[in-house]
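1. fold the following.
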Amino acid sequence: MNTWSPGDLDTWTGGVWDGAPPRRAGPLSTDTRTLPPGALFLALRGERFDGHAFVEAAERAGAAAAIVERPREALPQRPGLPLLRVADTRTALAALAAGWRARLAARVAGITGTVGKSSTKDMLAAILARRFRTHATAGNLNNDLGVPRTLLDAPPDTERMVVEMGMNRPGEIAALARLADPALGLITRVGAGHTEAFGTERAVAVEKASLFAALPAAGTAVTWRDQPWFPVLAEAAPGRLVTCGFHPGADWVGEAADPAAGTCRFRETASGVEIPVRLPRPGRHLLENAMLAAAAARELGAAPEDVAEGLAGWRPLAMRGDLREIGGVRFLDDAYNANPESMRAALDLLMATAPPERAWLVLGGMRELGALSETAHHELGRRVAENPWAGLVAVGHLGRGIAEGALAGGLPSPRVARAETPAAAAAWLAPRVRPGDTVLLKASRGERLERLLDAWPCSEATVAGPV
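-> Got it, this is the predicted structure:
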């Protein structure tokens, strides 16, 4: 666990100590429920919370000091621990991270994209960890709070770091990239995600491309060549550009791919190096992510055997394609998040791994699409209608457009249902599915579609492993 001297803390943040500062404080904590003794408590403020109300609780839990915006007399219970007063605690968090990052000798890889960020991040970290002391973003803590925390949690002897970067407003990727100071930038596929804040897919692509623009002249940009916005991304790269794809024009090419088995052979065009890959979970989109991770890892010093072994040992995050079995029915739980790109990938995976006449779709809304939302949901429904699925249940308010599109596309009306809640979707499905059927759950995080599993009227779910 990292600790810092009071001189580090006040120099980095520009803060002033109130009370005798501790000899050292750390690690950083923003939650008194998990705060370890000796921690540095940061009193963050948000729309629905204010960490200043918990400074006294942090003291009781053993915090060595707290970073605050208010004078001691303005805090509840007037805590006795040392306080470092700053103008803004959120700004102080970024300043702390920048100060610590400047001391680290690690080579950093920054990752962003509309789909596949977290999977690619975890794949790359799994490869690099075979050879280097590696630190990576935990889960998907990829915003203006998560990225600083990732940097501050990095041990001082870290050799490689993988930092995921998300966005929901213009300028966010550039700010996070400046903070992380990556030597390598990796952008996965770019599509219609967060268009509510950006208006158009092109604007999303330009924002994502700012990761490349932030790289040093000697830096390396890695991206997927077979995508519509590739020219925008490529133009932003200031130096070396490494491309991946399933055609000979890319720097890394996928050959002999079997998405249903999760296998492929990656070939580096320049060197002729070939790497056989077997993932623990199937899907063409995962093979794409794996190729990007392989290319980035090789640029950061990994050997071919590190790539093969790291990808074989990679495990996805929860609700990113988990397979559960209840009463003989297989549930493909991909309900962590959704946008048009990831919806297409999920449908392709289901088509490759289950007969469509034995496959059911439970699809919910794709949030944060703004003016593109109505069209995107309708087009998704039409895409659903291209295959003879056993049935579709469209859940929630935004699901209405999916159902309408499916009906307009020709999916027979007896096979299309609308449900306001995941529990209602479970009630419609339960008498229709049979043992051996597969049910896909896919929606944006806010739709909470995984609650269908809690409402299912059969035995407790068991994890069945890959599809």
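
2. where does pLDDT dip in the stretch 101-250 of the chain?
-> Within the stretch 101-250 of the chain, the ranges that satisfy pLDDT under 70 run 194.

3. which parts of it are strands?
-> 107-112, 134-136, 160-164, 184-187, 220-224, 240-245 (DSSP state E, counting those that start in this stretch).

4. among these, which comes closest to Val384?
-> Evaluated with CB to CB, these place strand 220-224 nearest to Val384, the distance being 24.7 Å. (Each C-beta comes from the backbone N, C-alpha and C, glycine too.)

5. tell me the angle of that closest one relative to strand 240-245?
-> 20 degrees (axes from the mean of the first three to the mean of the last three CA atoms, to 10 degrees).

6. give me the residues contacting strand 220-224.
-> Under the contact criterion CB atoms under 8 Å, 6 or more residues apart in numbering, strand 220-224 has outside partners 183-189, 212, 215, 230, 233-234, 236-237, 239-245, 288, 292, 295-296, 299.

7. repeat for stretch 134-145
-> Against stretch 134-145 from outside (CB under 8 Å, 6+ apart): 30, 44, 90, 93-94, 106, 117-118, 121-122, 124-125, 128, 146-147, 149-150, 153-155, 158-166, 168, 172, 175-176, 317.

8. go through that stretch and flag the buried ones.
-> 134-137, 140-145 (16 or more other CB atoms under 10 Å).

9. quick one: end-to-end distance for stretch 225-238.
-> 17 Å (CA to CA, to the nearest Å).

10. got the buried residues for it?
-> 225, 227, 229-230, 232-233, 236-237.

11. with stretch 326-333 instead?
-> Neighbour count says stretch 326-333 has 326, 329-333 buried, by 16+ other CB under 10 Å.

12. from the middle of its chain, how far away would that stretch be?
-> Between the centre of stretch 326-333 and the centre of its chain there are 25 Å (CA atoms, centre = their mean, to the nearest Å).

13. go on, stretch 226-234?
-> With CA atoms, centre = their mean, you get 21 Å for stretch 226-234.

14. could you do stretch 117-132 as well?
-> 13 Å.

15. so for that stretch, what gets flagged as buried?
-> Using 16+ other CB under 10 Å as the test for burial, stretch 117-132 gives 117-132.

16. now, which of those residues sits nearest Phe54?
-> Phe54 lies nearest to Ser118 out of the buried residues of stretch 117-132, by CB to CB, at 29.3 Å.

17. of the contacts of strand 220-224, buried ones?
-> Neighbour counting by 16+ other CB under 10 Å classes 183-189, 212, 215, 230, 233, 236-237, 241-245, 288, 292, 295-296, 299 among the contacts of strand 220-224 as buried.

18. can you put the buried residues of stretch 225-238 in a markdown table and add distance to Glu274?
-> Shown next, in a markdown table, are these (distance: CB to CB, whole Å):
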| residue | distance to Glu274 |
| --- | --- |
| Arg225 | 19 |
| Gln227 | 24 |
| Trp229 | 29 |
| Phe230 | 24 |
| Val232 | 31 |
| Leu233 | 26 |
| Ala236 | 30 |
| Ala237 | 26 |
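
19. about what we covered before: what about the buried residues of stretch 326-333, which are in strands?
-> 326, 329-333 (DSSP state E).

20. of the residues you listed, closest to Ala312?
-> Closest to Ala312, out of all of these and judged by CB to CB, is Leu332, at 21.7 Å.

21. quick one: the closest one and Glu325 touch, right?
-> No - between Leu332 and Glu325 there is no contact under CB atoms under 8 Å: 10.6 Å.
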